[in-house]
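Participant: this is a predicted model, with the sequence first.
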Amino acid sequence: MEKSIAKKSDVDIITEWLITFRDERNWKQFHNSKDLALAISIEAAELNELFLWKNSDEVNEKKLKMELADVLIYSLLLASKHNLDIKEIIKEKLEDNSKKYPVDKSKGTAKKYNEL
């Protein structure tokens, strides 16, 4: 069944909102893969800055929402540009991580997979 006929996921709907917003402003021309990847990194740094020199519970929740939204927006746009299915790539990553971090070795520890 085609995606347009099938029920759209929340991710598909959000991605459509983002593309509409982008296209109304003629910003597609600026959204090449390199710049989208850089934008994710820059926005992630701004997210990190919210926690710099503070305890985690001291974060400004409003700013946290805004910076996290920026990271997600650029991530969804990059995935869309490459026709990547968010659900599938996350599923694949979790399958890879399950192999790297088997429950019996990783439960309750923050060690990296090569230190288990």
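Facilitator: That came through, no problem. Numbers count the residues shown, from 1 in each chain.
Participant: give me the below-cutoff pLDDT ranges for this protein.
Facilitator: 1-5 (pLDDT under 70).
Participant: got the buried residues for the longest helix seen in it?
Facilitator: The longest helix of the chain (DSSP state H) is helix 61-81. Neighbour-count burial for helix 61-81, with 16 or more other C-beta atoms under 10 Å as criterion, is recorded at 67, 70-71, 73-80. Just so you know, the C-beta spots here come from the backbone N, C-alpha and C atoms, and that holds for glycine as well.
Participant: repeat that for stretch 46-60.
Facilitator: Within stretch 46-60, the residues that count as buried by 16+ other C-beta under 10 Å are 47, 50.
Participant: tell me which residues are up against it.
Facilitator: For stretch 46-60, contacts defined as C-beta atoms under 8 Å, 6 or more residues apart in numbering pick out 63-64, 67-68, 70-71.
Participant: re the thing from before, dump the buried residues of helix 61-81 to JSON lines, plus distance to residue 22.
Facilitator: Conversion of the buried residues of helix 61-81 to JSON lines gives the following (distance: C-beta to C-beta, whole Å):
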{"residue": "67", "distance to residue 22": "19"}
{"residue": "70", "distance to residue 22": "14"}
{"residue": "71", "distance to residue 22": "16"}
{"residue": "73", "distance to residue 22": "9"}
{"residue": "74", "distance to residue 22": "11"}
{"residue": "75", "distance to residue 22": "14"}
{"residue": "76", "distance to residue 22": "11"}
{"residue": "77", "distance to residue 22": "7"}
{"residue": "78", "distance to residue 22": "12"}
{"residue": "79", "distance to residue 22": "14"}
{"residue": "80", "distance to residue 22": "10"}
